[in-house]
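Chemist: here are the coordinates; sequence isn't available:
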């Protein structure tokens, strides 16, 4: 029953959000095209979905074209890639971010295309973070000792646009704490809990805490 109600709310609320935000989709798309060459949507690797299945997560492009490939392959970014892996797969001062991208990231407007992911059904409004495959693989082999059981629990539900990690500090939260928050969400999820997270999300976004 919980899953049926949750999915119904996902469809209704994501449709409402897409309709309300439609002017932003047009304006942001034009700004991205004018600012730097490249696609409107980010060319990012697949994310881990429910059941450890890959899916394409939609985000407005906030970086230069081929940013993720260049980070791993371009010698100019060798030190940056090392920092990326040592800093919980986040960078506070990333030279690949565009001028428009800085605004999109600080306001979380780069995330709004994910409402289409919710409508399609490979994401939910509330859930664990949508991790990269290499991100989970890296931490399973690291000192954090992320277990297969932990991964199975976190990926037993759809990832969310928002979640406990979002309202608790986003990118400022270290990876091990992020995983623990996601595990806590999966184990205790409820419609009331989802509603509380949804109501707290606008405040978390406006505070810009951990937005980089």
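Modeler: Now that the structure is in, tell me what you want to look at. As the structure is a prediction and not an experimental result, all values here were calculated from the model.

Chemist: quick one: buried residues of the helix or strand of the chain with the lowest mean pLDDT?
Modeler: One helix or strand of the chain scores below all others by mean pLDDT, DSSP states H and E: helix 78-86, with a mean of 73. By 16 or more other CB atoms under 10 Å, the buried positions in helix 78-86 come out as 80, 84. Quick note: C-beta positions are derived from backbone N, CA and C, even for glycine.

Chemist: next: stretch 192-200.
Modeler: 194, 197, 198.

Chemist: name the element the second one belongs to?
Modeler: Going back to what we said before, that points to residue 197. In this structure, residue 197 sits in helix 191-207 according to DSSP states H and E.

Chemist: how close does residue 23 sit to residue 107?
Modeler: Residue 23 sits at a distance of 15 Å from residue 107 (criterion: CB to CB, to the nearest Å).

Chemist: who has more neighbours, the two?
Modeler: residue 107 (14 against 8; other CB atoms under 10 Å).

Chemist: can you show me the helices along this structure?
Modeler: Applying DSSP state H to the chain gives helices spanning 2-35, 67-73, 78-86, 99-107, 114-120, 133-140, 148-154, 164-167, 175-188, 191-207.

Chemist: which other residues reach the helix holding residue 197?
Modeler: 2, 5-6, 9, 107-108, 125-126, 162-164, 166-168, 170, 185, 211 (CB atoms under 8 Å, 6 or more residues apart in numbering).

Chemist: what subset of those is buried?
Modeler: For the contacts of helix 191-207, buried by 16+ other CB under 10 Å: 6, 9, 108, 125-126, 162-164, 166-168, 170, 185.

Chemist: could you dump the residues you listed into JSON lines with distance to residue 177 and pLDDT added?
Modeler: Output for these, formatted as JSON lines (distance: CB to CB, whole Å; pLDDT from 0 to 100):
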{"residue": "6", "distance to residue 177": "25", "pLDDT": "96"}
{"residue": "9", "distance to residue 177": "28", "pLDDT": "96"}
{"residue": "108", "distance to residue 177": "20", "pLDDT": "89"}
{"residue": "125", "distance to residue 177": "22", "pLDDT": "97"}
{"residue": "126", "distance to residue 177": "18", "pLDDT": "97"}
{"residue": "162", "distance to residue 177": "17", "pLDDT": "94"}
{"residue": "163", "distance to residue 177": "13", "pLDDT": "92"}
{"residue": "164", "distance to residue 177": "10", "pLDDT": "89"}
{"residue": "166", "distance to residue 177": "13", "pLDDT": "81"}
{"residue": "167", "distance to residue 177": "13", "pLDDT": "85"}
{"residue": "168", "distance to residue 177": "8", "pLDDT": "81"}
{"residue": "170", "distance to residue 177": "12", "pLDDT": "63"}
{"residue": "185", "distance to residue 177": "13", "pLDDT": "94"}
